[in-house]
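**Student:** with the input below, show me the fold.
(one chain, ligands or ions: 1)
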Amino acid sequence: MKTVLSGIRSTGHLHLGNYFGALRNFIELQHKARCFFFIADLHSLTTHPKPEDNRSNIKIILSEYLASGLDPDISVLFIQSSVPEVSELFVLLNMLAYKGELERTASFKDKIRKNPGNINAGLLTYPVLMASDILIHRAHWVPVGKDQEQHLEIARVLARRFNNMYGVSVFPEPQAYNFGEDLVKIPGLDGTGKMGKSEGNGIYLIDDEKTIRKKVMRAVTDSGPVKPNSPMGPEIANLFTLLSVVSEPDVVTHFKEQYNSCTIRYGDLKKQLAADICKHTLPIKAKIEEIYNNEPYLKQVMEQGAEKARTSARQTLELVREAMGVKLF
Ligand code: TRP
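**Tutor:** Prediction:
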């Protein structure tokens, strides 16, 4: 069975893009592969050093993951920092990572440009820590966005380098997991592209009904079709994409027909869209709140996840230490 590993930095809430994109695929993937899902709280420290931010963000993401349907009894759901074996592998892999190749990473250059006041070594070695996350479970597949592909390439380089240097085959080379046709790209509400955390164009799973309605009603539109069957501008096409994800097919057909006959009123479309988004997200929101307030449950999930992750990690570390000769007895 293949091993899949996915990490998320503990900054920000999950939005519709996460939910209808990767998350819904993960829910199914849980039954087809050995899945590891974790919260990269150590990575967050490279840019977000405040302890209170970290603590509450971990709880939020964990609650949101659980409420969305990740099952801690099927998958391994854990917090990065609760698996110290990751940090140990990180130290060992640092000996194989060259300063030059880390300095050339696009995300490093981007981050030092944005945080000139805090160019810490953690930023430079970010890809080595990420490689440790992946290699410690000897993962085959890693679902990553475009911005993380270079990091995954470094994980492959380090896996290969380790295997060659020590004449072993401890690490498989992790490949990008491609959802292919299954991945719906959820557009943002400003008509410019993908729904994202930082763009402020998103609807979050924890948004209440009023907020959702307000955000949808404010979504960018155009002045309306003037000729029958005229092509759709990107803003309107985006609204239809969202509608096709959350609404019944006949609702989509109804508004498409109205668009094609130039009788559409965007206000009506938006009202329907907001109502249908709420149908999906409000039950999840309620679950998030219930889980978030259930500290004993969260604690139990975290302990159970850490234990499973550590069992897997220990086995790899054993082989690594053996290969590197850092274990005498
Ligand atoms: N760097 C990833 C991001 O910012 C998060 C991450 C950390 C990750 N470790 C990982 C993702 C390992 C996949 C595998 O999105």
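**Student:** check the residue in the stretch 1-150 of the chain positioned nearest to the ligand and give its pLDDT.
**Tutor:** Using C-beta to the nearest ligand atom, the single residue of the stretch 1-150 of the chain nearest to the ligand is Gly7, 2.8 Å away. Any C-beta I mention is one placed from the backbone N, CA and C, and that applies to glycine too. Predicted confidence (pLDDT) for Gly7: 95.
**Student:** for the helix or strand it falls within, which outside residues touch it?
**Tutor:** Using DSSP states H and E, Gly7 sits in strand 3-9. Contact with strand 3-9 is made by 22, 26, 29, 33-40, 43-44, 61, 80, 130, 133-134, 137-143, 174, 177, as judged by C-beta atoms under 8 Å, 6 or more residues apart in numbering.
**Student:** how about stretch 61-74?
**Tutor:** For stretch 61-74, contacts defined as C-beta under 8 Å, 6+ apart pick out 8, 10, 13-14, 19, 23, 26-27, 30-31, 35, 37, 39, 77, 79, 205-206, 284-285, 287-292, 298, 301-302, 304-305.
**Student:** swap in stretch 136-153?
**Tutor:** Contact with stretch 136-153 is made by 2-6, 22, 25-26, 33, 36, 83, 85-86, 89, 105-107, 126-127, 130-131, 134, 155, 170-172, 174-177, 179, 309, 312-313, 316-317, as judged by C-beta under 8 Å, 6+ apart.
**Student:** was I right about Val246 contacting Leu282?
**Tutor:** No - using C-beta atoms under 8 Å, Val246 makes no contact with Leu282, being 11.9 Å away.
**Student:** the residue of the stretch 1-150 of the chain closest to the ligand bridge partners, please.
**Tutor:** Taking DSSP bridges as the rule, Gly7 bridges to Phe38.
**Student:** any idea how far Ser75 is from it?
**Tutor:** Separation of Gly7 from Ser75 (C-beta to C-beta, to the nearest Å): 13 Å.
**Student:** what do you get for Pro143?
**Tutor:** 13 Å.
**Student:** of these two, which one has the most company?
**Tutor:** Ser75 (23 against 20; other C-beta atoms under 10 Å).
**Student:** pLDDT score for the residue nearest to the more buried one when sequence neighbours are not counted?
**Tutor:** Distances taken as C-beta to C-beta, 6 or more residues apart in numbering place Cys35 nearest to Ser75, at 4.1 Å, with adjacent residues excluded. Looking at Cys35, its pLDDT is 98.
**Student:** now do the contacts for Cys35.
**Tutor:** Listed by C-beta under 8 Å, 6+ apart, the contact set of Cys35 reads Thr3, Val4, Leu5, Ser6, Phe26, Leu29, Ile74, Ser75, Val76.
**Student:** that older thread, and the strand holding Gly7, how far from the chain's centre?
**Tutor:** 8 Å (C-alpha atoms, centre = their mean, to the nearest Å).
**Student:** per the record, what domains does the protein have?
**Tutor:** 3-184+295-324, 209-289 (automatic domain parsing).
**Student:** so how far is the first residue of the longest one from its last?
**Tutor:** Domain 3-184+295-324 has an end-to-end distance of 24 Å (C-alpha to C-alpha, to the nearest Å).
**Student:** just stretch 110-130 next, same as before
**Tutor:** 17 Å.
**Student:** buried ones in that stretch?
**Tutor:** Within stretch 110-130, the residues that count as buried by 16 or more other C-beta atoms under 10 Å are Lys111, Gly122, Leu123, Leu124, Thr125, Tyr126, Pro127, Val128, Leu129, Met130.
**Student:** mind checking which of the contacts of stretch 61-74 are in strands?
**Tutor:** Counting by DSSP state E, those place Ile8, Cys35, Phe37, Ile39, Leu77, Ile79 in strands.
**Student:** which of these sit farthest apart?
**Tutor:** Farthest pair in the ones in strands among the contacts of stretch 61-74 (C-beta to C-beta) is Cys35 and Ile79. Separation: 15.7 Å.
**Student:** Val184 and the ligand: what is the separation?
**Tutor:** For Val184, the distance to the ligand (C-beta to the nearest ligand atom, to the nearest Å) stands at 19 Å.
**Student:** for Met302, which residues are in contact?
**Tutor:** By C-beta under 8 Å, 6+ apart, Met302 lies in contact with Leu62, Phe78, Ile79, Ser82.
**Student:** could the residues you listed be laid out in JSON lines, adding pLDDT and distance to the ligand?
**Tutor:** Shown next, in JSON lines, are those (pLDDT from 0 to 100; distance: C-beta to the nearest ligand atom, whole Å):
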{"residue": "Leu62", "pLDDT": "95", "distance to the ligand": "15"}
{"residue": "Phe78", "pLDDT": "97", "distance to the ligand": "12"}
{"residue": "Ile79", "pLDDT": "97", "distance to the ligand": "12"}
{"residue": "Ser82", "pLDDT": "97", "distance to the ligand": "14"}
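**Student:** if you skip the residues just before and after it, what's nearest to the closest residue to the ligand within the stretch 201-329 of the chain?
**Tutor:** In the stretch 201-329 of the chain, no residue comes nearer to the ligand than Ala309, which is 12.6 Å away by C-beta to the nearest ligand atom. Using C-beta to C-beta, 6+ apart and skipping residues adjacent in sequence, the residue nearest Ala309 is Phe78, 4.3 Å away.
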